[in-house]
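Undergrad: okay, predicted coordinates and the sequence, questions at the end:
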Protein chains: 2
Amino acid sequence: MSDETLAFTKGHGTGNDFVLILDEAGTLDLSPALVVALCDRRTGIGGDGVIRLTRAGVVEGIDTAHPDRWFMDLRNADGSTAEFSGNGARVLGAFLEHSIGEDLSEGFSIETRAGVRTISFLGGHRYAVGMGMGVVTPDAGPQVTIAGVSERRVGVPVDMGNPHIVVALESEDELDAADLASAPTVDPTPAAGANVELVVGLESLPGPVVRGRLRLRVHERGVGETLSCGTGSCASVLAARARWGEGAPVEWDVLVPGGELRVIVHTEGLTLEGPAILVAEGLVDLGALSSE
Amino acid sequence: MSDETLAFTKGHGTGNDFVLILDEAGTLDLSPALVVALCDRRTGIGGDGVIRLTRAGVVEGIDTAHPDRWFMDLRNADGSTAEFSGNGARVLGAFLEHSIGEDLSEGFSIETRAGVRTISFLGGHRYAVGMGMGVVTPDAGPQVTIAGVSERRVGVPVDMGNPHIVVALESEDELDAADLASAPTVDPTPAAGANVELVVGLESLPGPVVRGRLRLRVHERGVGETLSCGTGSCASVLAARARWGEGAPVEWDVLVPGGELRVIVHTEGLTLEGPAILVAEGLVDLGALSSE
């Protein structure tokens, strides 16, 4: 290891993984090239993104009444800036609790590029994240063509801050047969692209509360099929509730390829619950990254 | 992080990456399940394999006159035991030098499941590894069918301790067009399978020594296309020399997708030279791995 090292923590939520870096004073020059190098799965640490934890007051372009709040500076693996990730926020919650020593038991407000969000520790490895409210457009009905799935299907557009097209499939067999190696084609094509969720409703499990239950796979724009998508899970629940109509459950279990999430629909917004696991911590050699 | 942590180092050679673990006393229970969990690129550290560094005397089934020598216990990402990796041995060389404090300037002998191998530090990030001698069977000529490449081609079987089929292509365009998402089919099919190298000869660079120059892509059996293969590079050089005949160069530059290697053919065996980079070191939470 050279003298130029950077402390990191690696964590994931339902298989959506992040490199976490504490930079309280905001002195780290986290260039797109450094993000790409850190996220490289063979020559770097590997991750779907980097989360730099800094204070809101030191971030340029962020207008906040709470400069001392922690700020979630999320970057995608391609180096671009991202607004928010529900899975990432849970992993950041575990980092805030275990590495920084914050108390998340009562709900903890952080600043993000999508505004203020709240993270709560639920016990075990589980965290809840406020996801804001989404907007469903049930009758817009774009036609979606998916490799491995016969016929075109009608999608439901849902805006969760980022754009989603939710497609209900007939069966788990159909869901398993879908080929998401290439992006589904949406007609008409949304101007900014869209994440596409393929969703199958499952039988509710017996219990004191009637909970909805979905299984989904997701194709994220610019990424491909992923193991999990927090906003996609919320979008799928909103589309399912719109389809269900009167008396739809407010609590939903969402099975994603990387695990299981729970989405709860409150009048003031959605909450995403799920696991967050810190896997490793250490030092990365910045000279070794740049030497490749 | 829980109390149950394991110190690790992550490194790579031309993009072939490994999780390195020091276990001098041989007390670590490195089960196949633990190897798989460590190598998972999203929920673990991520790697093509794990290298446990222990002493030869504490390894069951190893008969050595040098029980105090370091032993390279190599495992594949699927948890299976492997004999040797040239890229892995260079990364282990960097680990021995930087993390253990051994002096590799004069050549350093380690024990492996393939026998005694020697690693030498060349300066910079470069290491040389003794690869033993390979056996070329130039006239056996199995037919190889490769997706994206017109017509079947004749392959050259090379045994480097592991089996290779080397296929010379006509041009770099043809090499780029080859689709290695699926394994090439070899007829007759080798009983134990084979790694398949697709190779194009390049113009030698001007210099005081006439060096051969190859570009290759490799499909590793049970893995798929990889960024680099040390034994495959050696096999390709032996096949190219057999084709060249009288006066073939003894030094070869081999361009693999993950970088550049050099292969030198001595009468007593081949030497593989190339970079080895230690990227990060830290602690992995064993409880976090097993909780998934």
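TA: Nice, thanks for sending it over. Residues are numbered from 1 along each chain as shown, chains lettered A, B, ... in the order given.
Undergrad: and the gap between residue A:41 and residue A:142?
TA: Taking C-beta to C-beta, to the nearest Å as the measure, residue A:41 falls 34 Å from residue A:142. From N, CA and C alone the C-beta is placed, and that goes for glycine too.
Undergrad: looking only at neighbour counts, state which of these two leads.
TA: residue A:142 (20 against 17; other C-beta atoms under 10 Å in any protein chain shown).
Undergrad: isn't that one up against residue A:155?
TA: Yes - Residue A:142 is within contact range of residue A:155, at 5.0 Å (criterion: C-beta atoms under 8 Å).
Undergrad: shared neighbours of those two, anything?
TA: By C-beta atoms under 8 Å, 6 or more residues apart in numbering or on different chains, residue A:142 and residue A:155 have these common neighbours: A:165, A:186.
Undergrad: report the contact partners of the closest residue to chain B within chain A.
TA: Closest residue of chain A to chain B, C-beta to the nearest C-beta: residue A:282 (1.6 Å). The contact partners of residue A:282, taken as C-beta under 8 Å, 6+ apart, are A:7-8, B:8, B:280-283.
Undergrad: pLDDT at it, what is it?
TA: Reported pLDDT at residue A:282 in the predicted model: 98.
Undergrad: secondary structure class for it?
TA: Put simply, residue A:282 is strand when judged by DSSP: H, G, I helix; E, B strand; the rest coil.
Undergrad: break chain A into its domains for me.
TA: A:5-132+A:276-290, A:135-267 (automatic domain parsing).
Undergrad: now do the last one: distance to the chain's middle.
TA: Taking C-alpha atoms, centre = their mean, to the nearest Å, one finds the center of domain A:135-267 at 14 Å from the center of the full chain.
Undergrad: could you work out the end-to-end span of that domain for me?
TA: End-to-end distance of domain A:135-267 (C-alpha to C-alpha, to the nearest Å): 13 Å.
Undergrad: any idea how far the residue of chain A closest to chain B lies from residue B:280?
TA: Residue A:282 is 5 Å from residue B:280, by C-beta to C-beta.
Undergrad: for the residue of chain A closest to chain B, which non-adjacent residue is spatially closest?
TA: Of all residues beyond its chain neighbours, the one nearest residue A:282 is residue B:282 (1.6 Å), with distances taken as C-beta to C-beta, 6 or more residues apart in numbering or on different chains.
Undergrad: looking at strand pairing, list the partners for the one you found.
TA: Applying DSSP bridges to residue B:282 yields these beta-bridge partners: residue A:282, residue B:8.
Undergrad: same check, this time on residue A:272
TA: Under DSSP bridges, the beta-bridge partners of residue A:272 are residue A:129, residue A:263.
Undergrad: neighbours around it, how many?
TA: Residue A:272, neighbours per other C-beta under 10 Å, totals 24.
Undergrad: just checking, it touches residue A:233?
TA: Yes - in terms of C-beta under 8 Å, residue A:272 counts as a neighbour of residue A:233; the distance is 6.6 Å.
Undergrad: between those two, what contacts are shared?
TA: In contact with both residue A:272 and residue A:233: A:86, A:261, A:263, using C-beta under 8 Å, 6+ apart.
Undergrad: tell me the residues of chain A that contact chain B?
TA: Proximity of chain A to chain B (C-beta under 8 Å from any C-beta of the partner chain) is limited to residues A:1, A:8, A:10, A:12, A:15-17, A:41-46, A:48, A:98, A:125, A:227, A:258-259, A:277-285, A:288-289, A:291-292.
Undergrad: so which of those sit within strands?
TA: Judged by DSSP state E, strands contain the following of the residues of chain A next to chain B: A:8, A:10, A:12, A:16-17, A:259, A:277-285.
Undergrad: quick check, residue A:38 in a helix?
TA: Yes - checked against three-state DSSP, residue A:38 lies within a helix.
Undergrad: the lowest-mean-pLDDT helix or strand in chain A packs against which elements?
TA: Using mean pLDDT, DSSP states H and E, the weakest-scoring helix or strand in chain A turns out to be helix A:286-290, at a mean of 87. Secondary-structure packing of helix A:286-290 (3 or more C-beta pairs under 8 Å, 6 or more residues apart in numbering or on different chains; DSSP states H and E): helix A:32-39, strand B:277-285.
Undergrad: mind checking which helix or strand the nearest residue to residue A:97 once chain neighbours are set aside is in?
TA: Nearest residue to residue A:97 in three dimensions, chain neighbours excluded: residue A:104, at 5.2 Å (C-beta to C-beta, 6+ apart). For residue A:104, there is no host helix or strand (DSSP states H and E).
Undergrad: what's the neighbour count on residue A:104?
TA: 17.
Undergrad: can you pull the pLDDT of it?
TA: On the pLDDT scale, residue A:104 gets 98.
Undergrad: ramachandran angles for it?
TA: phi -100, psi 10 (degrees, to the nearest 10).
Undergrad: run through the residues that contact it.
TA: A:93, A:96-97, A:119-121, A:127.
Undergrad: make a markdown table out of these and add pLDDT and secondary structure.
TA: A markdown table is the format used below for the contacts of residue A:104 (pLDDT from 0 to 100; DSSP: H, G, I helix; E, B strand; the rest coil):
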| residue | pLDDT | secondary structure |
| --- | --- | --- |
| A:93 | 98 | helix |
| A:96 | 98 | helix |
| A:97 | 97 | helix |
| A:119 | 98 | strand |
| A:120 | 98 | strand |
| A:121 | 98 | strand |
| A:127 | 98 | strand |
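Undergrad: and the two most separated of the ones in strands among the residues of chain A next to chain B?
TA: Greatest spatial distance among those (C-beta to C-beta): A:259 and A:285, at 31.6 Å.
Undergrad: hang on, the earlier thing: what's the most buried one of the helices and strands packed on helix A:286-290?
TA: Among the helices and strands packed on helix A:286-290, the stretch with the highest mean neighbour count (mean count of other C-beta atoms under 10 Å in any protein chain shown) is strand B:277-285, at a mean of 22.
Undergrad: quick one: it to helix A:32-39, angle?
TA: Here strand B:277-285 points in a direction 60 degrees away from that of helix A:32-39 (axes from the mean of the first three to the mean of the last three C-alpha atoms, to 10 degrees).
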